[in-house]
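Q: could you look at this predicted model? Sequence included:
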There are 2 protein chains.
Amino acid sequence: MKKNPTILDIAREAGVSKSTVSRILNNAENVSPGTRKRVLEVMLKHRYRPNFFARGLGGRRTGVVGVVVTDITNPFYSVLVRGIEDVCRVYRYNIYLCNTDGREEEEKIHIDSLMERKVDGVILASTMLTEHSLADLLERDVKLVLVARLPEDHSSFNFVVVDNVMGGYLAAKHLITLGHERIAYIAGPWLSSPNLDRFAGFRRALGEVGLGVDEKDIVQGDFKMESGYLAGMKLAKSLSSRPSAVFAANDAMAVGAKEAFSELGMDVPHDMSVVGFDDIPLGALRCVQLTTVSQSIYDQGAISGKTLIERILHPDKGGIQQIVLPPKLVVRKTCARVPTREKRGERSGT
Amino acid sequence: MKKNPTILDIAREAGVSKSTVSRILNNAENVSPGTRKRVLEVMLKHRYRPNFFARGLGGRRTGVVGVVVTDITNPFYSVLVRGIEDVCRVYRYNIYLCNTDGREEEEKIHIDSLMERKVDGVILASTMLTEHSLADLLERDVKLVLVARLPEDHSSFNFVVVDNVMGGYLAAKHLITLGHERIAYIAGPWLSSPNLDRFAGFRRALGEVGLGVDEKDIVQGDFKMESGYLAGMKLAKSLSSRPSAVFAANDAMAVGAKEAFSELGMDVPHDMSVVGFDDIPLGALRCVQLTTVSQSIYDQGAISGKTLIERILHPDKGGIQQIVLPPKLVVRKTCARVPTREKRGERSGT
DNA sequence: CTGAAAGCGCTAACAT
DNA sequence: ATGTTAGCGCTTTCAG
């Protein structure tokens, strides 16, 4: 028997024409039950699979979407991708996975490749949302959903994000409620919308109670753990007085900072409170117990996947879909009530 | 202008035939520089992309490989996939990512889907290597590389693994050198080849110095952190005497066990030494500092990717490729010299 | 309900 | 060095 039977082989063996087999493949109504059964049996017998490429050639849907992330190794993205993959499977969609490492060039290559392979849609969670890449995609009506981070002007895109402003606000509010008045911020890149928004919310909460953020209490990081560690070191070593709490733009940096504090003999939370953002699994470890703002990463993936595929399947239905998920404060053990003025004096004096 | 220009549109506009354009697409030699330049310009102008499906229809290579893992959310797999993706990109290959959660049914669905999409090859890192799935793949000469875990009879497959026997041996040897004589083992599933092999190496090292493993000191886990925690609890609470060290079949369980010990007020490493396996990033955290056996996960991914693609590109060259990488002991801070007999007596008496 | 025939966009002989 | 032509396997009118 032939290795890869074609539709013609099946048709011949079942004593019908290609068209009939094709109809059965596509679940068309107008086939008599008898014929259908006979053909299906032949298909089964030969383990027949229609040729994906021959099908795609007709300019129809391909059943594949591209997923562009910065780095699958980063737990944030791996959970996101998992969410996407899970819904894609339900729709029998496959995904092409692409890592860009945040480099524009890589992103271009990947997007080129995705277009060449005629994906039905793309989920972009990469950091470098260059105008150029986006324009490219939109020009050839590829369905597009942005997730987690947005370009400056995102009014015309489908997207799924968490409300980062509210998240920053929740974090700050929590610290304020505990009596903290001087709170440092460990920042991510300022081109990144989540960083920008989290900071905005943070600052707003402070503003509401008449507090502000000193320039010196904003330390630059890059969302990676090491940069948080460095930032923590810098903050801890502030010569004169230091803040009593830190809000880090993400968990990785928060954990890094916490490690720096511990290493310098400071007690978290009593000498320094720490709040992160993301709620990565690591933060739940018994030896970390990070208080953080949780965004349901998996859900963001799942929702963006569903949004994308629904758009592909029903291109005409509905306009732009922009989904903003609420974040949630997760209180664990890295925040404490601010020490009284006297006690703080004593401690920082040592 | 047309949305998606075809090779014919380009040919017409450049005043040549389809074939000439096709030759240029495929970097054939026999095209005059002048023509080539002219055609390339037209292509560029229209941002022309050859139709992937039309190309694939010729029964040629598709430039896509399938990657089947248990769960991309697991750091082990995400690093592995990253390694694969990186080499694929070099060859301009795309990957289809599939998660099976270790369920045979999911694996079947995914493999079906991969075959339907005519992938050039598959990298299987999933746990459930059923005979059935493998047979399916081999029947329709799809190139195949197994990675990380192997079926019982793997003599006829291409694979890339770490030498788990040696790894187990190294771990045990390290503990033995520190004076430990009673060492517990936190096991993974016994269907898993890494668990089996690590245990074999572990037992061999013990045997060489006349030691053995008591049945009671083998605690069952499932490679996940929670199971390690439970195992740790169980070990710590052994009523009479307890081992002075534990070797866990992977890092996740080792960390779980360590957390259990800490929670019970035991001091790691002085009351209990712990060794893991994998060297996941988490183990390097300052608050963990896990001594472990390192396997270069990224390399395994990269090598398996390269092996697969080389096989696809040169199907005739060379026979089966079976690569066994050496593991390496990474000494951090969870192992200590065994306490003297007297001190141990005191402690366990409390 | 079923069949015949014309493409889909590209590659690969075979001509010129 | 370039053009012509015949498929690749399937979908899709259009006829019966």
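A: Yes, it's here.

Q: neighbours of the residue in the stretch 201-350 of chain A positioned nearest to DNA strand D, how many?
A: Proximity of the stretch 201-350 of chain A to DNA strand D (C-beta to the nearest atom of the strand) peaks at residue A:313, 14.2 Å away. Any C-beta I mention is one placed from the backbone N, CA and C, and that applies to glycine too. Close neighbours of residue A:313, defined as other C-beta atoms under 10 Å in any protein chain shown, add up to 13.

Q: surely residue A:23 touches residue A:30?
A: Yes. If you go by C-beta atoms under 8 Å, residue A:23 and residue A:30 touch, sitting 6.9 Å apart.

Q: which one's more surrounded, these two?
A: residue A:23 (18 against 6).

Q: grab the nearest non-local neighbour of the more buried one.
A: residue A:31 (5.2 Å; C-beta to C-beta, 6 or more residues apart in numbering or on different chains).

Q: what number of residues lie near the one you found?
A: Neighbourhood size, residue A:31 [other C-beta under 10 Å]: 17.

Q: list the contacts of it.
A: A:20, A:23, A:24 (C-beta atoms under 8 Å, 6 or more residues apart in numbering or on different chains).

Q: elements contacting whatever helix or strand the second one lives in?
A: Just to be clear, that refers to residue A:23. Residue A:23 is part of helix A:18-25 when elements are defined by DSSP states H and E. In terms of contacts (3 or more C-beta pairs under 8 Å, 6 or more residues apart in numbering or on different chains; DSSP states H and E), helix A:18-25 is packed against helix A:7-14, helix A:33-46.

Q: and the first one, anywhere near chain B?
A: So that's helix A:7-14. No. Helix A:7-14 does not reach chain B (C-beta under 8 Å from any C-beta of the partner chain); its nearest approach is 13.1 Å.

Q: and stretch A:243-263, by the same measure?
A: Yes. Taking C-beta under 8 Å from any C-beta as the criterion, stretch A:243-263 and chain B are in contact, through A:255, A:259, A:262, A:263.

Q: after the host helix or strand of the first one, next one along is what?
A: Element membership for residue A:255, per DSSP H and E: helix A:251-263. For helix A:251-263, the following helix or strand on the C-terminal side (DSSP H and E) is strand A:273-278.

Q: so which elements touch that next one?
A: If you count contacts as 3+ C-beta pairs under 8 Å, 6+ apart, strand A:273-278 packs onto helix A:164-177, strand A:245-248, helix A:251-263, strand A:291-294.

Q: try 6 Å this time
A: Counting contacts by 3 or more C-beta pairs under 6 Å, 6 or more residues apart in numbering or on different chains; DSSP states H and E, strand A:273-278 packs against strand A:245-248, helix A:251-263, strand A:291-294.

Q: relative to the first one, what are the paired strands and their orientations?
A: So that's strand A:245-248. Note on strand A:245-248: by DSSP bridges, its sheet partners are strand A:183-187 (parallel), strand A:273-278 (parallel).

Q: so which of the ones you listed is the most surrounded?
A: Across these, averaging neighbours per residue (mean count of other C-beta atoms under 10 Å in any protein chain shown) puts strand A:273-278 on top, at a mean of 29.

Q: quick one: contacts of that strand?
A: Applying C-beta atoms under 6 Å, 6 or more residues apart in numbering or on different chains, the contact partners of strand A:273-278 are A:167, A:171, A:245-248, A:250-251, A:254, A:258, A:268, A:290-293, A:334-336.

Q: quick check: ChimeraX command selecting the buried ones in the residues you listed.
A: Only the buried entries of the contacts of strand A:273-278 go into this ChimeraX selection, using 16 or more other C-beta atoms under 10 Å in any protein chain shown:
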select /A:167,171,245,246,247,248,250,251,254,258,268,290,291,292,293,334,335,336
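
Q: just give me the neighbour total for residue A:78.
A: 25.

Q: for chain A, just list every one of the helices.
A: For chain A, helices defined by DSSP state H occupy the ranges A:7-14, A:18-25, A:33-46, A:52-57, A:75-90, A:104-116, A:131-139, A:164-177, A:193-208, A:225-236, A:251-263, A:297-313, A:341-349.
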